[in-house]
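> One predicted model, sequence on top.
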Amino acid sequence: MVLRFLLTFIMLFQVPESFAISQKQKIAFRSAKTAYQDDDYSKTIKILKKNFNLKSRKTPIGALQLAGYSYAKLKKYRECDKVFTNLIKRKYYKTNARILRRYKRKGNADEVGNISSTIAIYYYYKALSISKVYLSRFDQLNEGQRSDYKKNILMYANLSIEGEFDDQDPEQIIADIDNFNNKIAAKKYRYGSFIGINYVTWRDRLTLIGQDGSESTLISNSEGLCLGGGLRKFNAEFEYNINGCVGINNATVGADTDASVNYFQKNVPVLGIMAAVGFIWKPKTEGTGLGFHIPIIYRSGDYTNPADINSQFSGTTLDGASSLSFGGLVEGKWFFTKWELSIKFGKFTQLDSSYWSVGMLYGF
Amino acid sequence: MLTSNKISLIKLFCLFMLIILPKQSFAYPNFIGFAYTSCLTCHYNPMGNGPLTDYGRALGAGVIADRKFYNKATTEEYISENSGFFYSKPKQKWLRASFDYRGLYMKQNFYSDVSSDPVIIHMDANLNLIMKFGKSDNVYTSFTVGYAPTPRSSGDNPTGENAKPYRSREHYIAWRPNSSWGIYAGMLDKTFGIRIVDHTAYSRSLTGLAMNDQTHGILIHYTNKKFEIGVHPFIGNLVQDSGVRQAGVSTQFEYTLNQKNRIGASYLTSKSKYLQTGLMAAHSRMAFGKGHSLMLEAGLVSKKELIPGDEVKSQYIMMQNHVRTSRGLFALVTAEYLKPNTKTENKTLRIGPGFQYFPFQGVEVRADIYNSRIFSTTSVSEDQWDLAGQLHLWF
């Protein structure tokens, strides 16, 4: 409302300073205002540039303001910034210097002195212009420049808020910059490590090979804890990692349907060593992840020699007690602050049926 | 994009489905992921399940379901407002009708030589009517009747209640004198644990809290910002033979740690002429970001046959977690542990990765793979691999 009122005031009543203005310029200024009211901002700028030197200290305030608003409408923020810088210097040189000095000393906009509604508008347009330039030139700026830009955006936006400028939303400028910076930070890759403990289970097949070459299939169900960790490169959206774990599982082995095979053992220790490369996608970058891993696993079971179990197995050998295989695992992840719940499910070439794990990781 | 013609076609399709397939509606406990901690937000039944409130329907349409099938110009407000019966805007306040259908495609042991033929099961198809009375709609009735397939466990010659293809799964009168208290008298699901939709989950099947296990009783419900409690004394399903009716009491308590985390505990004790049942469970529901969730329930089940006097105690753990990959689309994994008898070391583990998609209000498509592994001290058996596809429609 304030801005609308001021704009109307400027447009309708403000007369360019008579000492610096000719009749031709008066007519041109009126034409520029008409073009602005018709939303033809390019024409406004064209008329003003043709008839006024916008860099000159003698250019009427009204013409400069009209140029500033037009540049903002045209999203020509560099020019907009220059115009409002000029305006502030022209109209509020000492006031502005005092306000900025107090702001820098206090570190915030509280009690920096009286901020009039007009200078609050100028500060708003300064904040807006600088923020847009910052966003568009971000990649070309070095860290020091980025820091300076952020400080200035924050300063002018806060001063505008302190001046109770509420026709536009200076807070939105701060929010936009925060969002942008958060997105940039979220894209930045970092390195980290993690350790974890997983409950794992898999099932594989073993073969009993008789003296006569006959084969009988055994099933081995295995479960246990796997301790490990990994290294990762990650940002808020993606993670690439190498991970691994080692554990001694507990297996039960026997024949499922072949009643003639009297080989059954429980509590067989099985060493499992797994290493993998993994990729995690964190949808919406919010607390969860879906991943895919390409793992390799070595497992070796301390199965009892068949002949030691039953004399019928005399001369029988057990094949497949050790194996090396690779596979694919899909993973679901739920991130707490430092802890992560991980559930993996998949298949290995040499392991029958599925492999899955449920575990907790701790990240560093 | 949905033009008005396409919407009309969808309505016609829905009507057709309604005619050929009888149909209910659900919001799920994992929707805590959207910071909706209480079932009462979306359901007439404060403990969940059953028909959705107008708000629940609007939420499902404007927040949960995808909007890819709508024209970009169609606003969320429009979608939410038109989430009533057959995508209409409710014209009066006192009557709400809804239909719900859930069908299952299932292929058991698909990863095995002994794979069975796939089957399609119409799991339920319900018609519900809600009638609201009073100035603030604080008195209402709910009546649901629907198709109930013969339980597969009943074989070819079902008897008693199992032989009837239609049944009422819910009918009650409710009075909420204020926003905290509610009394519900009639037939409802027993108040216990996390009411996940998977009725084959051990937390529902082992406990006897599946799709046809409702009971007559009185539910007293209380909620405030910090906690929610339901106490449910019941006398059994009066349609059943009196000898098998389980009469007792159940209760569930949930404490709100914060807007996105709840922990809870449940207890149930009941008895019939033949069987005494005792259940205890603890659970938690957690939200991550927007729409992601993690649910965990661990319970103890005691079943004592009163005539021979044998008692079997079981344990279960159920974890069901969702990742919202985009609006309307979820990846989920269900991991379960079952120890059918605590006196033995035998146990079953089951994991079920899957996905769930709500293309728009009223339609849910879901597919899961279930891999079950039995650990026994006396034998070894093959894993079981089941494929389940679900179509869920509600209007």
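Okay, I see it. Source: prediction; values computed, not measured.

> how close does B:Ser284 sit to B:Asn261?
7 Å (CB to CB, to the nearest Å). Every residue, glycine included, has its C-beta placed from N, CA and C.

> Of the two, give the one with the bigger neighbour count.
A count of neighbours by other CB atoms under 10 Å in any protein chain shown puts B:Ser284 above the other of B:Ser284 and B:Asn261, at 19 against 15.

> was I right about that one contacting B:Ser293?
No: at 10.6 Å, B:Ser284 and B:Ser293 do not qualify as touching, with contact defined as CB atoms under 8 Å.

> Residue 239: neighbour count?
I'll assume chain A. With other CB under 10 Å as criterion, A:Glu239 counts 19.

> Chain B, not that one
14.

> That one belongs to a helix?
No: according to DSSP: H, G, I helix; E, B strand; the rest coil, B:Val239 belongs to no helix; its state is coil.

> Look up how far chain A lies from it.
Separation of B:Val239 from chain A (CB to the nearest CB, to the nearest Å): 41 Å.

> Verify the contact between that residue and B:Arg167 for me.
Yes: using CB under 8 Å, B:Val239 is in contact with B:Arg167, at 7.2 Å.

> Run through the residues that contact the residue in the stretch 201-350 of chain A that chain B sits nearest to.
Nearest residue of the stretch 201-350 of chain A to chain B, counting by CB to the nearest CB: A:Glu286, 2.4 Å away. Counting by CB atoms under 8 Å, 6 or more residues apart in numbering or on different chains, A:Glu286 touches B:Phe288, B:Gly289, B:Lys290, B:His292.

> In strands, which of those residues fall?
Applying DSSP state E to the contacts of A:Glu286, the entries found in strands are B:Phe288, B:His292.

> Spit out the contact partners of the residue lying farthest from the centre of chain A.
Distance to the chain centre peaks in chain A at A:Ser311, reaching 65.1 Å (criterion: CA atoms, centre = their mean). If you count contacts by CB under 8 Å, 6+ apart, A:Ser311 has none.

> can you give me the strands in the stretch 201-350 of chain A?
Ranges of strands within the stretch 201-350 of chain A are A:215-234, A:238-254, A:265-281, A:288-301, A:317-319, A:322-335, A:339-348, based on DSSP state E, counting those that start in this stretch.

> contacts for the last one?
Yep, that's strand A:339-348 we're talking about. A:194, A:196, A:198, A:202, A:293, A:295, A:297, A:325-334, A:353-363, B:294, B:321, B:333, B:335, B:351, B:353, B:371.

> Pull out the buried residues from those residues.
Among these, those scoring as buried are A:194, A:196, A:198, A:202, A:293, A:295, A:297, A:325, A:327, A:329-334, A:353-359, A:361, A:363, B:294, B:321, B:333, B:335, B:351, B:353, B:371 (criterion: 16 or more other CB atoms under 10 Å in any protein chain shown).

> Low-confidence stretches in chain A?
A:1-21, A:257-259, A:285 (pLDDT under 70).

> From the centroid of it, which residue is nearest?
Note: chain A centre (CA atoms, centre = their mean) maps to A:Ala186, 2.5 Å.

> so it touches A:Asn235, yeah?
Yes: between A:Ala186 and A:Asn235 there is a contact at 6.0 Å, judged by CB under 8 Å.

> if I pick B:Leu209, what's in contact with it?
B:Leu209 sits in contact with B:Asp189, B:Lys190, B:Phe192, B:Gly193, B:Arg195, B:Ser203, where contact means CB under 8 Å, 6+ apart.

> Can you tell me the closest non-neighbouring residue to B:Thr215?
B:Phe234 (4.1 Å; CB to CB, 6 or more residues apart in numbering or on different chains).

> again with A:Tyr103
In space, A:Tyr103 is closest to A:Val112, 5.1 Å off (CB to CB, 6+ apart).

> Check the spacing between that neighbour and chain B real quick.
From A:Val112 to chain B the distance is 37 Å (CB to the nearest CB).

> Contact partners for B:Phe360?
B:Leu2, B:Ala61, B:Ala65, B:Asp66, B:Arg67, B:Phe69, B:Tyr70, B:Gly328.

> Same list, the residues you listed, but as JSON lines with neighbour count and pLDDT please.
Output for the contacts of B:Phe360, formatted as JSON lines (neighbours: other CB atoms under 10 Å in any protein chain shown; pLDDT from 0 to 100):
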{"residue": "B:Leu2", "neighbour count": "18", "pLDDT": "44"}
{"residue": "B:Ala61", "neighbour count": "24", "pLDDT": "86"}
{"residue": "B:Ala65", "neighbour count": "24", "pLDDT": "89"}
{"residue": "B:Asp66", "neighbour count": "16", "pLDDT": "90"}
{"residue": "B:Arg67", "neighbour count": "19", "pLDDT": "87"}
{"residue": "B:Phe69", "neighbour count": "16", "pLDDT": "87"}
{"residue": "B:Tyr70", "neighbour count": "20", "pLDDT": "87"}
{"residue": "B:Gly328", "neighbour count": "21", "pLDDT": "91"}
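
> Any chance of CSV for these, columns distance to B:Leu40?
Putting these into CSV (distance: CB to CB, whole Å) gives the following:
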residue, distance to B:Leu40
B:Leu2, 31
B:Ala61, 19
B:Ala65, 21
B:Asp66, 26
B:Arg67, 26
B:Phe69, 30
B:Tyr70, 29
B:Gly328, 24
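
> Report the beta-bridge partners for B:Leu338.
B:Tyr316, B:Thr348 (DSSP bridges).

> and if you look at B:His221?
B:Gly182, B:Gly230.

> ok, now A:Val268?
Beta-bridge partners, per DSSP bridges, of A:Val268: A:Ala251.

> ok, now A:Glu340?
A:Phe335, A:Leu361.

> what about it, distance to A:Asn241?
Using CB to CB, A:Glu340 is found at 11 Å from A:Asn241.

> Touching both of these two, which residues are there?
A:Phe194.

> Tell me who's in contact with the nearest residue to B:Val145 once chain neighbours are set aside.
Of all residues not flanking B:Val145 in the chain, B:Ser168 sits nearest, at 4.9 Å (CB to CB, 6+ apart). Contacts for B:Ser168 (CB under 8 Å, 6+ apart) come out as B:Phe143, B:Thr144, B:Val145, B:Gly146, B:Met187, B:Val239.

> elements contacting whichever strand or helix holds A:Ser136?
Secondary structure assignment for A:Ser136, by DSSP states H and E: helix A:117-137. Counting contacts by 3 or more CB pairs under 8 Å, 6 or more residues apart in numbering or on different chains; DSSP states H and E, helix A:117-137 packs against helix A:2-12, helix A:61-73, helix A:77-106, helix A:143-162, helix A:170-187.

> what angle do it and helix A:143-162 make?
Interaxial angle, helix A:117-137 versus helix A:143-162 (axes from the mean of the first three to the mean of the last three CA atoms, to 10 degrees): 150 degrees.

> Helix A:117-137 vs helix A:170-187, what angle?
20 degrees.

> quick revisit: tell me the secondary structure of the residue nearest to B:Thr215, please.
strand.

> follow-up on the earlier one: closest to A:Leu208 among the contacts of B:Ser168?
Distances from A:Leu208 to the contacts of B:Ser168, taken as CB to CB, are shortest for B:Gly146 (53.6 Å).
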